[in-house]
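Engineer: need a 3D model of the following:
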Amino acid sequence: MRAKEPAFYKLPITAWPESDRPREKLMQSGPLKLTETELLAILLRSGAGGKSAVDIAREMLQKSGGLNALAQMDYHDILDLKIRGLGPTKAVTVAAGLQLGRRLQADSVAPPQMIIHNSDEVAKIYMPRLRDLRKEIFMVVLLASNNKIIRDKVISEGVLNASVVTPREVFREAILGLAAAVILIHNHPSGNPEPSSEDLKLTRQMKESGQTMNIPVLDHIIIAADRYTSFADKKLL
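Structural biologist: Okay, here's the model as predicted:
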């Protein structure tokens with residue numbers, strides 16, 4: 001249940017009771033007692049442009065369409081809200097906080113030294129990180145010989161095609177990481193997890209390069225909102 005904002009929020013923060021100022025309130029009562037506006041205000045740290053941090057936070061949530069919509073935004077999207085008092089430093093801080101939240105959710109289903117057994121496990125790890133993004137991200141996951149995740153790497157951001165995402169970039173990371181195999185992952189901001197003709201072309205290119213270098217591509221997973229498509233499951237590899 002969300003907490004309601006008290007009436008004195010219309011006053012400057014310095015005029016509020018100390019126990020109701022966002023930072024002090026969190027220290028005294030814990031984060032569950034704070035509204036989304038208050039939590040966001042703590043990330044902003046201070047006001048600017050004649051507005052308090054709470055004023056700016058409230059306007060961010062209103063203009064973005066709420067916390068879920070804000071979570072889909074990157075640094076540039078946040079700046080594009082054009083909120084007086086919300087400059088580059090504050091936008092970077094909010095973008096970093098949102099990314100930490102996505103990664104925390106991903107890490108909660110990926111214990112250390114996790115060994116991958118199927119596409120569902122991969123999707124559960126990377127869906128929280130990619131499902132809300134407004135631009136396409138292409139990643140490679142490096143695996144050891146027992147399918148344990150070594151690490152992952154973002155290869156490209158933006159429109160994906162075979163001329164932008166090249167085998168050279170992908171397998172350079174695999175060689176540097178001493179990977180025995182790789183899994184390719186990218187997102188579809190449209191919400192449609194079905195592979196495009198460009199996705200199919202890119203996957204064939206990566207598979208052929210992997211065979212040549214003896215670093216097989218075990219899967220290519222497309223994440224779209226809360227759904228995903230596995231090339232391996234659909235026998236498209």
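
Engineer: what's in contact with the lengthiest helix in the chain?
Structural biologist: Identified as the longest helix of the chain according to DSSP state H is helix 88-108. Contact with helix 88-108 is made by 40, 43-45, 48, 56, 60, 70-71, 73-75, 78-79, 125-129, 132, as judged by CB atoms under 8 Å, 6 or more residues apart in numbering. Every C-beta, even on glycine, is put in place using the N, C-alpha and C of the backbone.

Engineer: domains of the chain?
Structural biologist: 7-105, 112-230 (automatic domain parsing).

Engineer: run through the strands of the chain in chain order.
Structural biologist: 137-143, 149-157, 181-187, 217-224, 227-230 (DSSP state E).

Engineer: chain center to the first one, what's the gap?
Structural biologist: Between the centre of strand 137-143 and the centre of its chain there are 14 Å (CA atoms, centre = their mean, to the nearest Å).

Engineer: quick one: that strand to strand 149-157, angle?
Structural biologist: Going by axes from the mean of the first three to the mean of the last three CA atoms, to 10 degrees, strand 137-143 is angled at 160 degrees with respect to strand 149-157.

Engineer: what angle do strand 137-143 and strand 217-224 make?
Structural biologist: Using the same axes, to 10 degrees: strand 137-143 against strand 217-224 is 140 degrees.

Engineer: send me strand 137-143 as CSV with only the CA atoms.
Structural biologist: Extracted C-alpha coordinates of strand 137-143, given in CSV (Å, rounded to 0.1, in the frame of the first residue of the first chain):
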residue,chain,number,x,y,z
ILE,A,137,20.4,-3.7,-26.4
PHE,A,138,22.5,-6.6,-27.7
MET,A,139,24.5,-8.6,-25.1
VAL,A,140,26.7,-11.6,-25.1
VAL,A,141,26.8,-14.0,-22.2
LEU,A,142,30.1,-15.9,-21.8
LEU,A,143,29.9,-19.4,-20.5
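
Engineer: now for that strand, which elements pack on it?
Structural biologist: Strand 137-143 sits against helix 119-130, strand 149-157, helix 167-176, strand 181-187, with contacts defined as 3 or more CB pairs under 8 Å, 6 or more residues apart in numbering; DSSP states H and E.
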